[in-house]
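>>> Provided below for reference: sequence and predicted model.
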Amino acid sequence: MRIESSAFTHQGEIPAKHTCEGQDSSPPLAWSGAPAGTQSFALIVDDPDAPDPAAPKRVWVHWVIYDLPPSVTSLAEGAKHAPVGARDGENDWKRIGYGGPCPPIGRHRYFHKLYALSTVLGDRGPLTKAELEAAMQGHVLASAELIGTYQKRR
């Protein structure tokens, strides 16, 4: 399975418009190669370098979406919330939807992790990343990862 963005390459810089220094709009994402038996997808976007890449103390969660139907193979640029048929989870700002990169210091990595699941999780939420990972246990058929980086200019 593969996940990619037309806005940045794997290990490349995320454009400012997708961050707190721009419109804070989600980047376009597309995926392919889901295995047979995929009943839904889940997406987690997080930053393992918070607050300082030289001394990370926690993983900051930027976006959680689950129950994406198997017919959905992309998210459009600016998708603040889950599309119809999918569910929004809760990010570390304690809200649902996308929250873009806004690193306090240094260049951070942002992991866009997509999971193909053998089930639909249903109305349990909005789930946090930890709750989603627990609910996915035993249901992950495949996963893919896209990493982008960002460092504030101001």
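That came in fine, so what should we check first? Worth saying up front: this structure is predicted, and the values here are computed from it rather than measured. Numbers count the residues shown, from 1 in each chain.
>>> mind listing what the residue nearest the centre of the chain touches?
What sits nearest the mean C-alpha location of the chain, by CA atoms, centre = their mean, is Val45, with 2.7 Å. Contact partners of Val45, counting by CB atoms under 8 Å, 6 or more residues apart in numbering, are Val61, His62, Trp63, Val64, Tyr98, Tyr110, Phe111, His112, Lys113. C-beta: built from backbone N, CA, C; applies to glycine.
>>> and the last one, bridged to which residues?
Yep, that's Lys113 we're talking about. Ile44, Glu145 (DSSP bridges).
>>> how deep is it tucked in, by neighbour count?
The tally of other residues near Lys113 (other CB atoms under 10 Å) stands at 16.
>>> got the contact list for it?
Contacts of Lys113 were listed using CB under 8 Å, 6+ apart, and they are Leu43, Ile44, Val45, Asp46, Ser143, Ala144, Glu145.
>>> change it to 10 Å
Ile3, Ala42, Leu43, Ile44, Val45, Asp46, Lys129, Ser143, Ala144, Glu145, Leu146, Ile147 (CB atoms under 10 Å, 6 or more residues apart in numbering).
>>> ditto for the first one
Residues in contact with Val61 (CB under 10 Å, 6+ apart) are 44-47, 50, 89-93, 99, 128-130, 132.
>>> where exactly do the helices run in this protein?
Remark: helices of the chain, listed N- to C-terminal, are 129-136; assignment by DSSP state H.
>>> between the contacts of Val61, which is closest to Lys80?
For Lys80, the nearest member of the contacts of Val61 is Gly99. The distance, counting by CB to CB, is 9.4 Å.
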